[in-house]
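K.L.:
the sequence and its predicted three-dimensional model are supplied below.
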Amino acid sequence: MITIGIDPGIATTGFGVINEELDGRLVTLAFGVIRTDSDLSQADRLVHLHKRITELILLYQPDMGAVEKLFFKRNVKTALSVGQARGVALLAMAESNLKIGEYTPLQVKQAVAGYGGADKNQVQQMVRMILGLDEVPHPDDAADALAVAICHIHSAKLSDLLFESD
């Protein structure tokens, strides 16, 4: 089962693609970032983002997708831009008929580090350990996207278990 995770942003969007093997092992297929040029209009940046996410979906053929939910306390302008990028990611996944999950930063931290108050470094170290990587994935947006994918894999497993018992 292949899952793509997205950490949305208008300037930089992180992505991570993980395959859950039959034995339950999680194997990293790809991770990185999609950058948009600040000289482009907002609309053109969103088009570029949609195109790249769609290309990743076509390349890796995931079964599921996950996107981090917005959590902003202060900067409304940033929140709106990230929200637009988030919407584009959701659209690309929906167009590809992926089973989609959306998770708050707290939910991602709990799923990956076992503690909702975990700091960025703790989450990144757990991503490295869970995926058996030699080092923490860089940049941070890519590590965050892998964490979102891990969260979705764990959440989907739990959901499947709950629905099996009905």
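P.N.:
Cool, the structure landed.

K.L.:
which outside residues touch stretch 20-30?
P.N.:
Residues from elsewhere that reach stretch 20-30 (Cβ atoms under 8 Å, 6 or more residues apart in numbering): 1-3, 15-19, 56, 60, 130-133, 137, 146, 150, 153. Quick note: C-beta positions are derived from backbone N, CA and C, even for glycine.

K.L.:
could you redo the last one with a cut-off of 7 Å?
P.N.:
Contacting residues not belonging to stretch 20-30 are listed as Met1, Ile2, Val17, Ile18, Asn19, Tyr60, Ile130, Leu131, Leu133, Leu146, Ile150, Ile153 [Cβ atoms under 7 Å, 6 or more residues apart in numbering].

K.L.:
buried subset of those residues?
P.N.:
Ile2, Val17, Ile18, Asn19, Tyr60, Ile130, Leu131, Leu146, Ile150, Ile153 (16 or more other Cβ atoms under 10 Å).

K.L.:
and those as CSV, adding distance to Val47 and secondary structure?
P.N.:
Converted to CSV, those look like this (distance: Cβ to Cβ, whole Å; DSSP: H, G, I helix; E, B strand; the rest coil):
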residue, distance to Val47, secondary structure
Ile2, 25, strand
Val17, 22, strand
Ile18, 27, strand
Asn19, 29, strand
Tyr60, 21, helix
Ile130, 34, helix
Leu131, 31, helix
Leu146, 25, helix
Ile150, 29, helix
Ile153, 30, helix
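
K.L.:
for those residues, give me TSV that also has distance to Leu98 and pLDDT.
P.N.:
Formatted as TSV, the buried ones among the contacts of stretch 20-30 follow (distance: Cβ to Cβ, whole Å; pLDDT from 0 to 100):
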residue	distance to Leu98	pLDDT
Ile2	10	97
Val17	12	98
Ile18	14	98
Asn19	14	98
Tyr60	11	98
Ile130	22	97
Leu131	21	97
Leu146	17	98
Ile150	16	97
Ile153	13	96
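
K.L.:
can you redo those residues as JSON lines with distance to Leu26?
P.N.:
Shown next, in JSON lines, are the buried ones among the contacts of stretch 20-30 (distance: Cβ to Cβ, whole Å):
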{"residue": "Ile2", "distance to Leu26": "11"}
{"residue": "Val17", "distance to Leu26": "11"}
{"residue": "Ile18", "distance to Leu26": "5"}
{"residue": "Asn19", "distance to Leu26": "7"}
{"residue": "Tyr60", "distance to Leu26": "14"}
{"residue": "Ile130", "distance to Leu26": "6"}
{"residue": "Leu131", "distance to Leu26": "6"}
{"residue": "Leu146", "distance to Leu26": "9"}
{"residue": "Ile150", "distance to Leu26": "7"}
{"residue": "Ile153", "distance to Leu26": "7"}
